[in-house]
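S.K.: need a structure here:
(4 chains)
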Protein chains: 2
Amino acid sequence: MFIEVNKKNLSDEVASQIINRIISGALLPGEKLPPEREVSEKMNVNRHTLREALRKLEVLGLLSARQGDGIYIKDYRDSGNLELLKHILYQNKDSNPGALKDILEIRRIISPEMAEKAALNRTEADIIAFQEILVSEKSTIEKDLAIHQAIARAGNNILYIFILNFFNDIFKDFGQLYFSIEENKKVSNKFHNDIAKAIIAGDSKSAKKIMNDVITYAEKKY
Amino acid sequence: MFIEVNKKNLSDEVASQIINRIISGALLPGEKLPPEREVSEKMNVNRHTLREALRKLEVLGLLSARQGDGIYIKDYRDSGNLELLKHILYQNKDSNPGALKDILEIRRIISPEMAEKAALNRTEADIIAFQEILVSEKSTIEKDLAIHQAIARAGNNILYIFILNFFNDIFKDFGQLYFSIEENKKVSNKFHNDIAKAIIAGDSKSAKKIMNDVITYAEKKY
DNA sequence: TTGGTGTTATTGGTTCAACCAATATACCAA
DNA sequence: TTGGTATATTGGTTGAACCAATAACACCAA
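M.R.: Now for the predicted structure:
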């Protein structure tokens, strides 16, 4: 299995550097950044390159710019979002065991609910989607992704889909490792069949329990 | 009460326009965008302005660029995130009653859990924070924000904080309306006292129930 | 057929220089 | 104290040029 290499351009690097400054507390909320012209000169990049980085940080809720005034650091505890957390975890995966624990905790809350809602709301199209996944020739890891996605979509709540995307982004590397173990593969294959059956049958209680069990299993392995 | 006016840059407008194209299906996943030089010319903005918009869309999970190749539309159901949902809701608030329902549903799942965890994990510093909020001279709406934030922080899970930020962003306009009604204010004030008391006492079961009740009340009013 | 080697055109990434437009600041006048 | 005015500062936008990765193609060799 090969995984895409992570190529970074200059503006990404600039963004990462500023994110680190803010998260580490070197730049404090409310503080004003030096003028763009000055920052770009000090970082030895063009002003436009810096500006592209700043646009990203704006979306992450880290700062806001006012024409004629300046660029202010925001308090990420007030305005940060899950994308920011993703960026933080990407940069130093190992040094944030706390955040991973937090994510697992939320997943434990959300995913069983998602499965329950899927069983309650699944449409005819959803049922077909599940059946197609089960008979497909995909690898276990691909199937796992597809099953979870189908569950999120059947749940009939757009947030499930976006929250699942978040989980997938966080654990995408981990999946390679997890599914390299034969026992985990077997457990997953059984899980796919069982939960699809429950959701197709509209058995929300079982669906919730099955999801809960597989999460418990996966957390132990982790 | 006055509310901040929403000033938009050119690049924001460009971003909005492309978002709409993607969400509406005019631009399909996998499709290649025309070259930057061409798009910027057609939209009558400079290439740099367009590029700043593109950087935002990248963070929202809507597209990805490859030097030497082109810019590709991603499937937002695979890679979209909650920030994207926020942007969609900002643009046409009224035309997305479904998404609001979805958000309320998730809030109903998360917030009671958050309150429960807060009661279990609150530190001495958290307790002081609650007490200070209660005796402060803030308006009800400000107090409400502060209480929810204190709960999220006491919950000892960084995701609670970011998820709360998301809810606050979505409902920030709604709050003005909600707290203009005297009865709602009274309910909230009682809620603030009750839940703070429960969390300080470490009574997780009560905290969960109190949060659940106030959400039920607020949803009815909505 | 397969894989390597150039060549060329296309396209995103970056730089530079200049100007526009909103804001802050200091100062002045009523 | 309030509101206007001139000036400097700062983010926003534009234009042109060049850099660097990629695609597409032709060609060749094993």
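S.K.: Pick out the residue nearest the middle of chain A.
M.R.: Closest residue to the average C-alpha location of chain A: A:Phe166 at 2.0 Å, with C-alpha atoms, centre = their mean.
S.K.: Is it correct that that one is in contact with A:Leu82?
M.R.: Yes. The pair A:Phe166 and A:Leu82 passes the contact test of C-beta atoms under 8 Å, sitting 5.4 Å apart. C-beta coordinates here come from the backbone N, C-alpha and C atoms, glycine included.
S.K.: What is the neighbour count of A:Arg66?
M.R.: 10 (other C-beta atoms under 10 Å in any protein chain shown).
S.K.: excluding its backbone neighbours, what's nearest it?
M.R.: Of all residues not flanking A:Arg66 in the chain, A:Tyr72 sits nearest, at 7.4 Å (C-beta to C-beta, 6 or more residues apart in numbering or on different chains).
S.K.: Tell me who's in contact with A:Gly98.
M.R.: B:Ile158 (C-beta atoms under 8 Å, 6 or more residues apart in numbering or on different chains).
S.K.: Number of residues surrounding the residue nearest to A:Asp126 when sequence neighbours are not counted?
M.R.: The spatial neighbour of A:Asp126 that comes closest, neighbours along the chain excluded (C-beta to C-beta, 6+ apart), is A:Ala154 at 4.0 Å. Other residues lying near A:Ala154 total 26 when counted by other C-beta under 10 Å.
S.K.: My reading is that A:Tyr72 lies in a strand. Confirm?
M.R.: Yes. The assignment for A:Tyr72 by DSSP: H, G, I helix; E, B strand; the rest coil puts it in a strand.
S.K.: OK, contacts around the residue nearest to A:Asp126?
M.R.: When contacts are taken as C-beta under 8 Å, 6+ apart, A:Ala154 is in contact with A:Lys117, A:Ala118, A:Asn121, A:Arg122, A:Thr123, A:Asp126, A:Ala129, A:Phe130, A:Ile199.
S.K.: hmm, 6 Å instead?
M.R.: A:Ala118, A:Arg122, A:Asp126 (C-beta atoms under 6 Å, 6 or more residues apart in numbering or on different chains).
S.K.: Now do it against A:Ile128, distance only.
M.R.: According to C-beta to C-beta, to the nearest Å, A:Ala154 and A:Ile128 sit 11 Å apart.
S.K.: what do you get for A:Phe167?
M.R.: Distance from A:Phe167 to A:Ile128, by C-beta to C-beta: 25 Å.
S.K.: Of these two, which one has the most company?
M.R.: Per other C-beta under 10 Å, whichever of A:Phe167 and A:Ile128 has more neighbours is A:Phe167, with 17 against 11.
S.K.: which one among the contacts of A:Ala154 gets closest to DNA strand C?
M.R.: Nearest to DNA strand C among the contacts of A:Ala154: A:Asp126, at 36.1 Å, using C-beta to the nearest atom of the strand.
S.K.: Excluding its own residues, what touches the helix or strand containing the closest one? List them.
M.R.: Assigned by DSSP states H and E, A:Asp126 belongs to helix A:124-135. Helix A:124-135 has contacts (C-beta under 6 Å, 6+ apart) with A:Ala146, A:Ile147, A:Ala150, A:Ala154, A:Ala196, A:Ile200.
S.K.: Of those, which belong to helices?
M.R.: Using DSSP state H to define helices, the subset of the contacts of helix A:124-135 located there is A:Ala146, A:Ile147, A:Ala150, A:Ala154, A:Ala196, A:Ile200.
S.K.: From those, pick out the ones that also neighbour DNA strand C.
M.R.: Filtering the ones in helices among the contacts of helix A:124-135 for proximity to DNA strand C by C-beta under 7 Å from any atom of the strand leaves nothing.
S.K.: Export those residues to JSON lines and append columns for pLDDT and distance to A:Lys209.
M.R.: Output for the ones in helices among the contacts of helix A:124-135, formatted as JSON lines (pLDDT from 0 to 100; distance: C-beta to C-beta, whole Å):
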{"residue": "A:Ala146", "pLDDT": "96", "distance to A:Lys209": "21"}
{"residue": "A:Ile147", "pLDDT": "97", "distance to A:Lys209": "16"}
{"residue": "A:Ala150", "pLDDT": "98", "distance to A:Lys209": "18"}
{"residue": "A:Ala154", "pLDDT": "97", "distance to A:Lys209": "17"}
{"residue": "A:Ala196", "pLDDT": "97", "distance to A:Lys209": "14"}
{"residue": "A:Ile200", "pLDDT": "97", "distance to A:Lys209": "16"}
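S.K.: neighbour-wise, which of these leads?
M.R.: A:Ala154 (26 neighbours).
S.K.: Can you give me the distance of it to A:Phe130?
M.R.: 8 Å.
S.K.: Report the residue spans of chain A with pLDDT below the cut-off.
M.R.: Residue ranges of chain A with pLDDT under 70: A:1-2, A:93-95.
S.K.: what residues does it put near chain B?
M.R.: A:48, A:52, A:55-56, A:59, A:77, A:80-83, A:99, A:102, A:105-106, A:109, A:113, A:157-159, A:161-162 (C-beta under 6 Å from any C-beta of the partner chain).
S.K.: among these, which ones are buried?
M.R.: A:52, A:55-56, A:59, A:77, A:80-83, A:99, A:102, A:105-106, A:109, A:113, A:157-159, A:161-162 (16 or more other C-beta atoms under 10 Å in any protein chain shown).
S.K.: Out of those, which sit inside strands?
M.R.: Of these, none are assigned to strands by DSSP state E.
S.K.: So which of these reach DNA strand C?
M.R.: A:Glu52.
S.K.: quick one, phi psi at the spatially most distant residue from the centre of chain A?
M.R.: The centre of chain A is farthest from one residue, A:Gly68, which by C-alpha atoms, centre = their mean lies 36.1 Å away. Geometry field for A:Gly68 lists phi and psi as phi 80, psi -20, criterion degrees, to the nearest 10.
S.K.: Please report how far it lies from DNA strand C.
M.R.: 2 Å (C-beta to the nearest atom of the strand, to the nearest Å).
S.K.: burial measure for A:Tyr38, as a count.
M.R.: Actually, residue A:38 is Glu. It isn't Tyr. Count around A:Glu38 with other C-beta under 10 Å applied: 11.
S.K.: Right, I'll call it a day here.
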